[in-house]
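**Student:** A predicted structure for the sequence below; I have some questions about it.
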Amino acid sequence: MKVLFVSGIYPPDIGGPATYVSRMALELLRRGHLVQVLTLGERRERLDSPFPVRKVLRGTHPASRCLRMSRAALNLARSSDIIYATGSPWDSWLVSTLAAGVHRKPLVLKIVGDAVWERYQRKHMNNLSLEALNERSAPAGVEIQKLFRNRLSRFADCVITPSGYLKGIVAGWGVSTHRIQVIHNAVDPFQGVPLPHSERKKEIVTVARLVPWKGVEGLMDILQRLPREVRLVVIGDGPILPRLRERAERKGLGERIHFTGRLPREEVFRYLSRTALFVLNSRYEGFPHVILEAMSAGAAVVATDVGGNAEVVRNGENGYLVPLDDQETLVERVTRLLEDAALRQHFSNRAAEEVRGFNWKSMVTRTESVLLEVLEKKTTKRS
């Protein structure tokens, strides 16, 4: 099988899709398939890669970028059996759909979120949920983006989502459920030895891209209701970091909150392996990869009961799920776990069992099977 990966980002870019594409391509290559990657980059640097990687200059003008990507996709798709695209509708879906249509190649999309909703949130920074934006009428520009997204997703022969929650969202765009496959993301296990909870720091760690819907401001609010010795560590970067720093100083929390900025994965695991508690106070999660990392490092987990979180956290068994915007319950759950090392250890032990099911071998095998099945169906249909 000859697979063309199309992605908006790729190493040395940082982010889940970049890591996923580079590693999935390598794993399929090891299984005997031929792979090549088309992506965007800041420069056409030569990469030390065992498979071809074609980088199109990202540039500044979207139309020019799309044209360059389309030309490259049309050229590379000619020698491929199947196209596998991940990323946003604008950076990868459109050019993949064009190349698949022209060369009559099967197309698989991996959809890990709703780019239209994220764009809307970055612009308006309100609490409108993903479901609400899709169910109600929006400004004309947003409605055009929704229509564009829906049409492209319906063109795919198959859509892969990392959670059942996202399968429901994509089905709401008009994609038939039988064409949507749920393949959970994988996590690399923590390589060190997690500290027992009797020796862990009484602090809260959260790891997130710092955007409004990650709920960091809510964590800052509950910190005021916890004992003064409890600290909050915020790992990550994003557009609202300056606002969060200013808010911390204004509320007199400057010495109790540590903003680390973006950290290497090894440093993130170091924090998670020593902290008492990991809290994800997000308003939306397609699939909570960071929760799996926290569980792998032995941290007890509290998360909001939104999106795909419930597909990882079983409330009261391996962590706590808290209703969205329920600060009273959030404070109660956090307080209980900070005071009860035995309960934290119990959750940690149960979570370690959960994490073993989210491994790379299983994810690659399932993905390979889906690609082969789609290719076989398309080939049979053409003949």
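**Tutor:** It's in. Since this is a predicted model, take the numbers as computed values, not measurements.
**Student:** give the contact list for the residue lying closest to residue 125 once chain neighbours are set aside.
**Tutor:** Nearest non-adjacent residue to residue 125, counting by C-beta to C-beta, 6 or more residues apart in numbering: residue 212, 4.9 Å away. For the C-beta atoms, the positions are set from N, CA and C on the backbone; glycine is no exception. If a contact means C-beta atoms under 8 Å, 6 or more residues apart in numbering, then residue 212 has 121, 125-127, 240 as its contacts.
**Student:** would TSV of those with neighbour count, distance to residue 305 and secondary structure be doable?
**Tutor:** Listed next are the contacts of residue 212 as TSV, based on neighbours: other C-beta atoms under 10 Å; distance: C-beta to C-beta, whole Å; DSSP: H, G, I helix; E, B strand; the rest coil:
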residue	neighbour count	distance to residue 305	secondary structure
121	21	20	helix
125	13	23	coil
126	10	21	coil
127	12	16	coil
240	17	23	coil
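**Student:** Any regions of the stretch 251-383 of the chain where pLDDT drops low?
**Tutor:** Applying pLDDT under 70 to the stretch 251-383 of the chain flags residues 382-383.
**Student:** how does it look with 90?
**Tutor:** Counting by pLDDT under 90, the ranges of the stretch 251-383 of the chain that qualify are 254, 264-266, 288-289, 352-354, 356-357, 377-383.
**Student:** count of neighbours near residue 189?
**Tutor:** Residue 189: 17 surrounding residues under other C-beta atoms under 10 Å.
**Student:** Ignoring the adjacent residues along the chain, who's closest to it?
**Tutor:** In this structure, residue 189 finds its nearest non-sequential neighbour in residue 296, 5.4 Å apart by C-beta to C-beta, 6+ apart.
**Student:** what number of residues lie near that neighbour?
**Tutor:** For residue 296, which is what you asked about, the neighbour count (other C-beta under 10 Å) is 23.
**Student:** So what sits opposite the closest residue to residue 13 other than its chain neighbours in the bridge?
**Tutor:** For residue 13, the nearest residue in space outside its immediate sequence neighbours is residue 41; the separation is 7.6 Å by C-beta to C-beta, 6+ apart. Using DSSP bridges, the bridge partners assigned to residue 41 are residue 57.
**Student:** Wait, residue 41 touches residue 65, no?
**Tutor:** No. Contact status for residue 41 versus residue 65: not in contact, 11.1 Å apart, counting by C-beta atoms under 8 Å.
**Student:** Can you check which residues contact both of these two?
**Tutor:** The overlap between the contact sets of residue 41 and residue 65 (C-beta under 8 Å, 6+ apart) consists of 56-58.
**Student:** how about the residues you listed in JSON lines, adding distance to residue 333, neighbour count and pLDDT?
**Tutor:** Shown next, in JSON lines, are the shared contacts of residue 41 and residue 65 (distance: C-beta to C-beta, whole Å; neighbours: other C-beta atoms under 10 Å; pLDDT from 0 to 100):
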{"residue": "56", "distance to residue 333": "47", "neighbour count": "20", "pLDDT": "89"}
{"residue": "57", "distance to residue 333": "48", "neighbour count": "14", "pLDDT": "85"}
{"residue": "58", "distance to residue 333": "43", "neighbour count": "17", "pLDDT": "82"}
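**Student:** Let me have those in TSV, adding distance to residue 80 as columns.
**Tutor:** As requested, the shared contacts of residue 41 and residue 65 are arranged in TSV below (distance: C-beta to C-beta, whole Å):
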residue	distance to residue 80
56	17
57	22
58	23
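**Student:** And those, which is closest to residue 335?
**Tutor:** residue 58 (46.4 Å; C-beta to C-beta).
**Student:** contacting residues for that closest one?
**Tutor:** Neighbouring residues of residue 58 by C-beta under 8 Å, 6+ apart: 40-42, 65.
**Student:** Try it again at 10 Å.
**Tutor:** When the contact criterion is C-beta atoms under 10 Å, 6 or more residues apart in numbering, the partners of residue 58 are 8-9, 13, 39-43, 65, 68-69, 91.
**Student:** Could you find the lowest-pLDDT member of those residues?
**Tutor:** Least confident of the contacts of residue 58 in the model: residue 43, at 68.
**Student:** biggest helix in the protein by residues?
**Tutor:** For the chain, the helix reaching the highest residue count under DSSP state H is reported as helix 360-382.
**Student:** and it, what does it pack onto?
**Tutor:** In terms of contacts (3 or more C-beta pairs under 10 Å, 6 or more residues apart in numbering; DSSP states H and E), helix 360-382 is packed against strand 2-7, helix 16-30, strand 82-86, strand 107-110, strand 158-161, strand 180-182.
**Student:** what is the mean pLDDT for the longest one?
**Tutor:** Right, the one you point to is helix 16-30. For helix 16-30, the per-residue pLDDT values average out at 92.
**Student:** ok, and for that helix, which residues are buried?
**Tutor:** Under the neighbour-count criterion of 16 or more other C-beta atoms under 10 Å, helix 16-30 has 16-25, 27-29 buried.
**Student:** Now render these as JSON lines, adding distance to residue 378.
**Tutor:** Below are the buried residues of helix 16-30 laid out as JSON lines (distance: C-beta to C-beta, whole Å):
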{"residue": "16", "distance to residue 378": "28"}
{"residue": "17", "distance to residue 378": "24"}
{"residue": "18", "distance to residue 378": "28"}
{"residue": "19", "distance to residue 378": "28"}
{"residue": "20", "distance to residue 378": "23"}
{"residue": "21", "distance to residue 378": "22"}
{"residue": "22", "distance to residue 378": "26"}
{"residue": "23", "distance to residue 378": "25"}
{"residue": "24", "distance to residue 378": "20"}
{"residue": "25", "distance to residue 378": "21"}
{"residue": "27", "distance to residue 378": "22"}
{"residue": "28", "distance to residue 378": "18"}
{"residue": "29", "distance to residue 378": "22"}
